[in-house]
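Student: Quick one: sequence plus predicted model below, questions after.
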Amino acid sequence: MTFKEFHNSMISFVVFSYADIHAVFGGIDRRRIYEWCKKGYIIPLIKGYYLFREFKEAEYLGLLISNKINDPSYVSTEYVLSTEGLIPESVYSFTAVSTNKTSEYETSLGSFNYRNIKPELFMGYTLVNIKINLSGRVLDRHIKVACLEKAFFDFLYLNKLKMTDQEIDHYRFDTDMLNLMDKDKLFGYADIAGKKTITLTLEKILKHHAVY
């Protein structure tokens, strides 16, 4: 098989795995993948996952990789809190939750961190449509990203935070964003978790910012 044949058949995956290769070709000599990586045609991410080099600078690529290399998962916690403006700090790793075990991957395209969550709490995300440009051809993809309320809940729940007033001030949560959040949805997640401490922590943070 030539690289051109492989490329033409696999390009629509953007990020692909050995399982994807098997689905398309029924398998491949892995020495070919090693050769194409060495030549720079494809970029290795983690074991068994790859990216075609033309997508290296694609917008939203990190989110797509995050969803792909640990499935099922959705982007959440600090990454969403930062991009939505709830916390002021920039976050340079892709943080996500998964029903798989807690894990962390360092790749040439960034850090990908996953926290384990119970299956009954694997919810509260939306499918966000993204468009990836490929030499004038647009590929439509969907990525799983937590809504702000769920990302905030996940952050508190997974870090088991019981905050003092000083600690609440330390995180510098944006009051306007806290005010905009759907409180019923937020406390609904806490009810599903069945953790009274989470409910009390949420109430304390919202009252501290005078939005509850």
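Tutor: It's in. Residues are numbered from 1 along each chain as shown.
Student: Closest to the centroid, which residue in the protein?
Tutor: Val75 (2.5 Å; Cα atoms, centre = their mean).
Student: Which strand residues bridge that one?
Tutor: Ala96, Val145 (DSSP bridges).
Student: Just the element for Val128, please.
Tutor: strand 125-134 (DSSP states H and E).
Student: tell me the contacts of the closest residue to Ser98 other than its chain neighbours?
Tutor: Ranked by Cβ to Cβ, 6 or more residues apart in numbering and with sequence neighbours excluded, the top spatial neighbour of Ser98 is Ser73, at 3.8 Å. The way it works is simple: take the backbone N, C-alpha and C, and place the C-beta from them, glycine included. Shown in contact with Ser73 (Cβ atoms under 8 Å, 6 or more residues apart in numbering): 66-67, 96-98, 100, 114, 144.
Student: Go again with 7 Å.
Tutor: 66-67, 96-98, 114 (Cβ atoms under 7 Å, 6 or more residues apart in numbering).
Student: Save those as JSON lines, and put in neighbour count too.
Tutor: Putting the contacts of Ser73 into JSON lines (neighbours: other Cβ atoms under 10 Å) gives the following:
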{"residue": "Ser66", "neighbour count": "29"}
{"residue": "Asn67", "neighbour count": "23"}
{"residue": "Ala96", "neighbour count": "29"}
{"residue": "Val97", "neighbour count": "30"}
{"residue": "Ser98", "neighbour count": "20"}
{"residue": "Tyr114", "neighbour count": "23"}
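Student: how about the residues you listed in TSV, adding distance to Leu156 and pLDDT?
Tutor: Output for the contacts of Ser73, formatted as TSV (distance: Cβ to Cβ, whole Å; pLDDT from 0 to 100):
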residue	distance to Leu156	pLDDT
Ser66	21	98
Asn67	23	98
Ala96	16	98
Val97	13	98
Ser98	18	98
Tyr114	17	98
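Student: Let me know the closest of the residues you listed to Val24.
Tutor: Nearest to Val24 out of the contacts of Ser73 is Asn67 (Cβ to Cβ; 19.7 Å).
Student: which helices and strands does the helix or strand containing the closest one pack with?
Tutor: Using DSSP H and E, Asn67 maps to helix 61-69. In this structure, helix 61-69 makes packing contacts with strand 15-17, strand 73-75, strand 93-98, strand 110-116, strand 137-146, judged by 3 or more Cβ pairs under 7 Å, 6 or more residues apart in numbering; DSSP states H and E.
Student: To Met177, which of those lies closest?
Tutor: strand 137-146 (14.3 Å).
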